[in-house]
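Undergrad: Predicted model, plus sequence, below.
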Amino acid sequence: MFQQSTFYYAFENKNNSIQYCKKIAFGLDNLNVENIKNEKLPYDVEDLVFLIEKHLGEIIGKEIVGHLHIPRSKNEIDATISRIISRTKFLEFMKELLRITETIIQKSEQNLTNLLLYTYGQRA
């Protein structure tokens, strides 16, 4: 059966749509992101999108969450989440690499006058 589009629904039910939007916005503002980040994925939840939807439903109700239409596929959402997590980890790695590089430069500058002579891993 053909499902009505969100656009059509919004025009036909303008007052309800505005109320749903306000409630969804309230729910999103009140999501405890830190708890979600630290929570293990329950066995009955397929992926992070559904976990967020579950928590949002606990705040504003499952019926209202059903009106939250995400215009992207679950695969695109999962890929975006993975990219965000990967980017965060990469930035942490780059900060650590920069710190190590700065330490090496600092130690090198402190030892400019010291000359170490090694041949094949042994002192010359």
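TA: Happy to help now that I have it.
Undergrad: Would you map the strands across this structure?
TA: Assigned by DSSP state E, the chain shows strands spanning 118-119, 122-123.
Undergrad: can I get the ones you listed in CSV with mean pLDDT?
TA: Converted to CSV, these look like this (pLDDT from 0 to 100):
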stretch, mean pLDDT
strand 118-119, 72
strand 122-123, 67
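Undergrad: Could I get these in a markdown table, plus columns for distance to residue 56?
TA: Every C-beta, even on glycine, is put in place using the N, C-alpha and C of the backbone. Below are the strands of the chain laid out as a markdown table (distance: least, Cβ to Cβ, whole Å):
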| stretch | distance to residue 56 |
| --- | --- |
| strand 118-119 | 62 |
| strand 122-123 | 66 |
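Undergrad: what about those, which gets the closest to residue 107?
TA: Closest approach to residue 107 among the strands of the chain (Cβ to Cβ): strand 118-119, 17.0 Å.
Undergrad: roughly how far is the closest one from the heart of the chain?
TA: Taking Cα atoms, centre = their mean, to the nearest Å, one finds strand 118-119 lying 49 Å from the centre of the chain it belongs to.
Undergrad: lowest average confidence, helix or strand, in the protein?
TA: helix 6-12 (a mean of 48; mean pLDDT, DSSP states H and E).
Undergrad: Would you pull up how far stretch 27-46 lies from the middle of the chain?
TA: Distance of stretch 27-46 from the chain centroid (Cα atoms, centre = their mean) equals 11 Å.
Undergrad: With stretch 26-37 instead?
TA: Here the centre of stretch 26-37 is set off from its chain's centre by 12 Å, with Cα atoms, centre = their mean.
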